[in-house]
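> let me see the structure of the following:
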Amino acid sequence: MALSGPLLGGARRTVLRSAEAALWGLKSIKGSCHNFCTAIFKDVTYKELKNLLNSKKIMLIDVRETWEIVKYGKIPGSVNIPLGEVGEALQMNPKDFKEKYNEVKPSKSDSLVFSCLAGVRSKKALDTAISLGFNSAQHYAGGWNEWATYEFSEKKHGN
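Numbering: from 1, shown residues only. As a prediction, this is how the structure comes out:
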């Protein structure tokens with residue numbers, strides 16, 4: 001039995017609506033998983049970051065704008081990749097990454113820590129990195145503000 005034109009059109013619309021609903025459901029699940037997955041990554045504290053930097057086992061990426069770093073300073077050993085460039089940078093080929101940032105491009109298994117001024121932009125960068133498969137990424141929620149406070153008070157007190 002052949003389906004008539006209007007009946008076939010209605011069936012097609014029903015199938016398309018079902019497919020759209022299924023895709024929306026998958027997007028919702030992905031979004032929930034993404035939020036859950038990023039929630040399990042802990043923030044790095046000042047002391048943990050100091051130890052990680054001393055061990056040279058991480059890449060610290062400062063996602064502030066370049067002018068902020070020039071004006072206020074940066075955490076020693078950090079690489080500046082402004083937040084707006086993070087997604088593109090993490091997907092660059094290694095040669096282009098090296099040319100642009102003067103560092104070896106991290107692999108998806110490398111430990112990354114993102115920082116900014118106070119933790120807002122670094123959290124966004126962390127979410128981007130996790131979504132791209134950088135599962136060992138974390139962020140320093142205290143950012144430059146906390147780092148500078150600790151560093152300058154330690155130097156002031158001679159520690």
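> only C-alpha atoms for contact and neighbour calcs from this point on.
OK.
> in contact with His139, which residues?
By CA atoms under 8 Å, 6 or more residues apart in numbering, His139 lies in contact with 42-44, 112-115, 119, 122-123, 126.
> show me what it bridges to in the sheet.
Beta-bridge partners for His139, by DSSP bridges, are Asp43, Phe114.
> pLDDT wise, what is it at?
In this model, His139 is scored at 94, pLDDT.
> before we move on, what about Lys57?
The predicted local confidence for Lys57 is 89.
> wait, is it part of a strand?
No - the assignment for Lys57, made by DSSP: H, G, I helix; E, B strand; the rest coil, is coil rather than a strand.
> thinking again about what came up before, now, the most widely separated pair of the contacts of His139?
Between any two of the contacts of His139, the greatest separation by CA to CA is 14.8 Å, found for Leu112 and Gly119.
> ok, the spatially most central residue of the chain to Val63 distance?
Central residue of the chain (CA atoms, centre = their mean): Leu126, 2.4 Å from the mean position. Noted for Leu126: a distance of 10 Å to Val63, by CA to CA, to the nearest Å.
> quick check: neighbours shared by those two?
Phe114.
> does Lys74 touch Glu146 like I think?
No - shown here, Lys74 and Glu146 do not form a contact pair, counting by CA atoms under 8 Å, at 11.7 Å.
> for Asn93, give me its contacts.
Here Asn93 is in contact with Lys105 (criterion: CA under 8 Å, 6+ apart).
> could you give the backbone dihedrals for it?
Backbone dihedrals for Asn93, given as degrees, to the nearest 10, come out at phi -80, psi 150.
> and stretch 135-145, which residues are buried?
135-144 (16 or more other CA atoms under 10 Å).
> distance between the ends of that stretch?
26 Å.
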